[in-house]
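Student: here's a sequence, model it:
(3 chains)
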Amino acid sequence: MRTYLIDSEKNEVVVDLTKTIIHSSDKVEFEFSSFVDSELVNKKSVIIRQLAGSYFYSENGVSWSKIAKQKLPKKILSIDRVFDVYRGYKPSGLAGGGEGALLTQMPGKIVKILVKEGDEVYKGQTLVILEAMKMENEIKCGVDGVVKSIHVKEGDALDSGILMLEVE
Amino acid sequence: MSDLLETKRQELLELREKANLGGGVERIEKQHATGKYTARERIERLVDPGSFIEFDKFVTHKCASFGLDKTHYLGDGVITGIGKINGQKVALFSQDFTCWGGALGAAHAKKICKIMDFALENRIPIIGMNDSGGARIQEGVESLAGYADIFYRNVKCSGVIPQISLVMGPCAGGAVYSPAITDFIFMVDKTSYMFVTGPDVIKTVTHEEVTKEELGGASTHNEKSGVVQFKCVDEDDCFERVRELMSYLPASNFRDSQAKASADSVFRDNTKIKETVPVNPKKPYDMKEIILDIVDDSQFLEVHKDYAKNIICGFASIGGIKIGIVANQPQVLAGVLDIDSSCKAGRFVRFCDAFDIAILTLVDVPGFLPGTVQEYGGIIKHGSKLLYAYAEATVPMITLITRKAYGGAYDVMASKHIKADVNLAYPTAEIAVMGAEGAVNIVFRNELKGLEGEAFDKKKAELVTNYEKEFNNPYRAAELGYVDSVIFPEETRSRLYEYFCMLKDKKVELPRRKHGNIQL
Amino acid sequence: MKTKRVLIANRGEIANRVARACRELGHTAIGFYTDNELNAQHLQYCDEWIHLKGSTNAETYLNMDAIIELAVQHKVDGIHPGYGFLSENGIFAEKLNKAGIVFIGPNVEAIKVMGDKATSKALAQKAGVPVVPGTSEAVPTIAEAIKVANEIGYPILLKAVAGGGGRGMRACYDEDEIKKQFEAVGRESLSAFGNGDLLVEKLILNPRHIEVQILADKKGNVFHFFERECSVQRRHQKIIEEAPSPFIGEDEELRRELCETAVRLAKAVNYDSAGTVEFIMGEDKSFYFLEMNTRIQVEHPITEEITGVDLIVCMIQSAFGEDLNIPSQEWITRSGHAIECRICAEDPITMLPSPGLVTGFETNFPQGVRFDHCLFKDLEVTPDFDPMVGKLVAKGIVRSVAIRKMRAALEGVYIEGLKTNIPLHKVIMNEETFIAGKYSTSYISEIAPQDKINTEVDFTSIYKKMAGIEAKRLGM
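Tutor: Sure, this is the predicted structure:
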């Protein structure tokens, strides 16, 4: 199970809890890994033990260090950063969409193309105006990048699902 | 410990070990190679760590035909049990592809039925993970009976406990109808497919050439057929979305769901959406901007994200109160109602109603989509589904008209007349039979007759302006009490929270009947 | 000895500390809580609780009339003001006297004299205590300030008459800077202390901030408890203090001279409580009187650790006119070395306050560590009050042992959810200049230990925290 740690600058640390072994009522073993560039690294097996009302942590089952017992927290501290903890899933809506290819979502007519190939574009910039259902729809860019290719021209009547342009 | 006791304990340990291995190490490796987890790993990764309790670990089949008695897998190719998701109890079954390709036999089906009965009796949600080649042919009609037993239970559970299906491999033939009946289907991109008849059969019967992926892949069902509510990138993503969905669902109907914890203040001003709704009815805008700003922490779980995008359905919370949101999306097809969007929203509204989840409807609808495709396709009967669903719903319902609410679509979108509890409108709202231009053409056709060129345009413009003045506002409806309050966009969140609080204990009884006859 | 009712007009760790002293003396400790402090930890140590309505400083701990009214209502014998807030407010002490309540602190006259930079400096000069060259009265204009500056030589310091705690101070290295800063400092002082008057004095380069702890009773006995060095400062606020001063080191002659000077000054103002005489020491070991704090100070624990005397208890005894149980100055001896690290809810690198919620708190200390704090799980540190949440004190027979203990002690504080300056302290405790004891008040800006903090995400520590959370979730 993954946990997402996201700080106020939207930096993300993804930790995957891959295994849980309950040894006894006061001793549990967890196996953690973390995602760096979509690869699982830093795999580590850790053991938590309860003793005299406190939790103790060990990597080898021999030497133990105390940890602060927390009530199901929403935040984790790392030196000078406080991460919001999203345990189990990253809620929808938090992550902005990011798609480089712009497809028509409905049949319509291209009113205007506001960029040309090679232009640098930013997320949220209007690239194309498409008229459909008597409405002028501003087709916005989903990512920061450069316009790679434009497949349509002004005045084209398009079906839905047609690739209009690509951003890289 | 005596030696005998030690042997007995050892025996249990060995049996457990054997059951855990399912179809064996070799097949497990094969499963991993295709980018899939094993049945057991899936459960482990879905539920809260360490919370899974297994049932029927040592069940095996009794079939002796076609040499099947030579292979027995402990558990018979399916893992069932109880676990916790976000601390909430759920019943689970997970088909094990490593045992006969997850094929379903009598014992296998019996295990699934047992856990479904358990879920129903204890009123906890059931989650099924499908990864099966189909019926176990050697067992013949017994396996068909097994499917039917599951379908029957799916129907019995429907509307009582939430049912979620995760299609994580093949799911073909009759087997598809179990997920089909459940409330939500998740599919994993590239590794799973669903169809009633496969590409081979299609080729022999209709001579169509189609790949499995094209025919029944996650994208197909998510975008084209609308069978699948959630398309997931990979299995881990799938588990995450299930956990997120579960955070909005109650354990069963008539069981109070717990408030969703949030530190987001309910009295936060929605300054971000102050100018989101353009006054010009020709200009589109993104309704999601409004949704994301009014809900807690901008967290919104969209259902059917890529299907019928002209209507948005999804779960969110306001001040911890869990709600279902239905909203027209002016950015896509101007937000019209058509066959697909009516069916999508209709089913969503019925789900919310069945499980006591309050509904917020955001309206910006120009009407129903015109055209032969729609009429031939049965927009009349499909459109009625949404109307039926809203009129039947007894959960708290709040409707907010952001801009257009024209014609019959105004009535359908949870209007006052079909018993929404609170109807609100922004100052930009326009409630009318139709848009100004169309209305002028009909109402003033005599005045316009005979006029041509500039004179026509001038006269028409004047009439349109007059009409707009008269109808392009929410105050006519407010005078009649069809709109309870006209609010500023920036106070949306706090007002909605207050109204939802007031509606918390709403109780409406429908007339006694076996069940209504919704248009199907 | 009659049991007294003592009201603690303060919050946080010092309220804990005073309440515990009251408990020792058998007095009834009465604690305040404001609207947001229903869970405040100091209430655990108090015998009675009073609700002080409001949430801001002005509404609560600075609200003299409300405090006095409540004190009268609850038949309080004495009020301990702690540090900060009303602890050095002569008007408050005066009002209390009128209401027949003992102010646990010095007499009103001493507060007033020492509270004003100009009069305190004049008095010090009269008592033969060396002072930093500069004006003793407020400088009204920029031109005047420049004139004085030219007389005593640059660099100079612009200072608020009523200032303290490092606020309302600005160094100027030439005329232009005086022109630039004069009005700004005046405005700042006016808003912070209600008095915009400024002084000009010589700026001592690479100074050490050394102070002497004084304790006096109403019978005219004045004792000193040796010195403390508080040169590790950020934004003119101390973060690490130690006793004895490593700068004075083995120079017992200098130490005696310094301490006796402090006693002389205390006697000159008829001092009758716990107080601190602050000196600034140049690199040539010449020292000048800076100011006298007529209250108990944040860093008093290190003095308590090396002398074994409970200063708060003595302060209360003195206020009620009781005997301090100290036969003579000779009985006060020091042994060992103590270091204090102030634990503040702040970003360890920028050192700016960082309020938040403590989601977990545990300690695991070596022997010889004292932690005066107000931390507990669920404590919410609000921006309303000072970010200091605790004081970690380690004592060893020699300085190096104390540092070693402090390192271990810092490793043994587990605070979750709240940014603190513990990582900074950890770096300082391993930093050469500090270990050598050769630091001045510009330590933080020149050596910049904050830049040596490793801020990379440490997966081991994150796994550790997550494992704890998962274990808790499992119900262990």
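
Student: helices of the stretch 151-300 of chain B, start to end?
Tutor: B:177-181, B:199-206, B:212-216, B:218-219, B:235-246, B:287-294 (DSSP state H, counting those that start in this stretch).

Student: among the ones you listed, which comes closest to C:T350?
Tutor: Closest of the helices of the stretch 151-300 of chain B to C:T350 is helix B:287-294, at 30.7 Å (criterion: C-beta to C-beta). Glycine gets a C-beta too; all of them are placed from N, C-alpha and C.

Student: now do the closest one, average pLDDT.
Tutor: Mean per-residue pLDDT for helix B:287-294: 92.

Student: so which bits of that helix are buried?
Tutor: Residues B:M287, B:K288, B:I290, B:I291, B:L292, B:D293, B:I294 are the ones in helix B:287-294 that count as buried (16 or more other C-beta atoms under 10 Å in any protein chain shown).

Student: I'd like to know which elements that helix is packed against.
Tutor: strand B:311-318, strand B:321-328, strand B:358-365, helix B:492-502 (3 or more C-beta pairs under 8 Å, 6 or more residues apart in numbering or on different chains; DSSP states H and E).

Student: ok, the first one: who's next to it in the sheet?
Tutor: For strand B:311-318, the paired strands and their directions (DSSP bridges) read strand B:301-303 (antiparallel), strand B:321-328 (antiparallel).

Student: what does the shortest one rub up against?
Tutor: Applying C-beta atoms under 8 Å, 6 or more residues apart in numbering or on different chains, the external contacts of strand B:301-303 come out as A:91-93, B:184, B:229-230, B:241, B:244-245, B:248, B:312-316, B:348.

Student: least confident pick among these?
Tutor: Ranked by pLDDT, the contacts of strand B:301-303 bottom out at A:G93 (68).

Student: pLDDT-wise, which helix or strand of chain A ranks last?
Tutor: Least confident helix or strand, chain A: strand A:101-103 with a mean of 64, by mean pLDDT, DSSP states H and E.

Student: what's the first helix or strand after that strand?
Tutor: Of the helices and strands lying after strand A:101-103 in sequence (DSSP states H and E), the nearest is strand A:108-113.

Student: tell me the gap between that following strand and the middle of its chain.
Tutor: 32 Å (C-alpha atoms, centre = their mean, to the nearest Å).

Student: what's the mean pLDDT across it?
Tutor: The model assigns strand A:108-113 a mean pLDDT of 81.

Student: and stretch B:497-504, by the same measure?
Tutor: Across stretch B:497-504, the per-residue pLDDT values average to 94.

Student: could I get the buried residue list for it?
Tutor: Those would be B:Y497, B:E498, B:Y499, B:F500, B:L503, for stretch B:497-504 by 16+ other C-beta under 10 Å.

Student: isn't the third one right up against B:T399?
Tutor: No: counting by C-beta atoms under 8 Å, no contact exists between B:Y499 and B:T399, whose distance comes to 10.5 Å.

Student: so of the strands paired with strand B:311-318, which one's packed in deepest?
Tutor: Mean neighbours per residue, mean count of other C-beta atoms under 10 Å in any protein chain shown, is largest over those for strand B:321-328, with a mean of 25.

Student: and the angle from the helix or strand following that one to strand B:321-328?
Tutor: With elements assigned by DSSP H and E, the helix or strand that comes after strand B:321-328 is helix B:339-354. Angle, helix B:339-354 to strand B:321-328, by axes from the mean of the first three to the mean of the last three C-alpha atoms, to 10 degrees: 160 degrees.

Student: helix B:339-354 and chain A in contact?
Tutor: No: using C-beta under 8 Å from any C-beta of the partner chain, helix B:339-354 stays clear of chain A, with a minimum separation of 12.0 Å.

Student: what is that helix packed up against?
Tutor: Helix B:339-354 packs on strand B:311-318, strand B:321-328, strand B:358-365, helix B:379-392, going by 3+ C-beta pairs under 8 Å, 6+ apart.

Student: next, the angle helix B:379-392 makes with that helix.
Tutor: Going by the same axes, to 10 degrees, helix B:339-354 makes 20 degrees with helix B:379-392.
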